[in-house]
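Undergrad: Any chance you can model this:
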Amino acid sequence: MFVPLGIGSHVDHQLVFDASRCLAAQGEVYAYEDCPYAIHTPEGRRTRLAVLDGKVGEPVLVPVGGTLEQRLEAIACYASQVPVIFRFTQNFRGAVTGFAHEVGGELGPAERFWPVLPAGAA
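TA: Numbering: from 1, shown residues only. Below is the predicted model:
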C-alpha cells in the first residue's frame, strides 16, 4: 500500500498516514513524497520527517526513468489544476523531471518512498 507522507500539511494526508501505521503490522506500507510540495518546499520534507521520527524507515529509491513521461502526461490531464498546484513554475514538466533526477542522482530519475513502521514501533 502507498500513502502520502504528509509533506504539504494537508490534514487528510496526515490522517491517512497515521491510519496506515495500523495496517503496516499486516503488510508493507510505503509513504510517498507529496508532489509538488516535495519539489517547491524542501524544508517541508525535513519538517515532516522530524515529526515522524521513528515512524518511518530509511527511504527506498525506485527508478522511474521508464515511466516518467507517462507520469508527466498523467499530470497534464489535470489541466485546470496544474497552474494552481505548480504555481511556483511555468514548466511543471521540467520541475518534476528535475526533481526526479535530483532524487535519483547517479541512479537516474527516481522517486523516494519511506517504509511506514507499525504503530507501537515508535
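
Undergrad: what about the strands in the chain?
TA: 2-4, 30-32, 60-63, 110-115 (DSSP state E).

Undergrad: What strands flank the third one, and is each parallel or antiparallel?
TA: Taking DSSP bridges as the criterion, strand 60-63 sits next to strand 110-115 (antiparallel) in its sheet.

Undergrad: CA-only coordinates of the partner strand in PDB, if you can.
TA: C-alpha atoms of strand 110-115 as PDB (Å, rounded to 0.1, in the frame of the first residue of the first chain):
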ATOM      1  CA  ALA A 110      13.800   8.100  -9.200                       C
ATOM      2  CA  GLU A 111      11.100   8.500  -6.600                       C
ATOM      3  CA  ARG A 112      11.600   8.200  -2.900                       C
ATOM      4  CA  PHE A 113       9.400   6.000  -0.600                       C
ATOM      5  CA  TRP A 114       9.700   5.600   3.200                       C
ATOM      6  CA  PRO A 115       8.600   2.300   4.700                       C
END
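
Undergrad: list the buried ones in it?
TA: Buried residues in strand 110-115, counting neighbours by 16 or more other C-beta atoms under 10 Å, are found at 110-114. Quick note: C-beta positions are derived from backbone N, CA and C, even for glycine.

Undergrad: What of stretch 70-78?
TA: Buried residues in stretch 70-78, counted by 16+ other C-beta under 10 Å: 71, 75.

Undergrad: Where does the prediction get shaky in the protein?
TA: Applying pLDDT under 70 to the predicted model, the residue ranges of the chain that meet it are 121-122.

Undergrad: ok, 50 please
TA: In the predicted model of the chain, no residue satisfies pLDDT under 50.

Undergrad: all helices for it, in order.
TA: Shown for the chain, the helices assigned by DSSP state H span residues 11-23, 37-40, 42-51, 68-76, 82-85, 92-104.

Undergrad: Run the chain-centre distance for the first one.
TA: The reference is to helix 11-23. Relative to its chain's centre, helix 11-23 lies at 14 Å (C-alpha atoms, centre = their mean, to the nearest Å).

Undergrad: now the last one
TA: Distance of helix 92-104 from its chain centroid, counting by C-alpha atoms, centre = their mean, is 13 Å.
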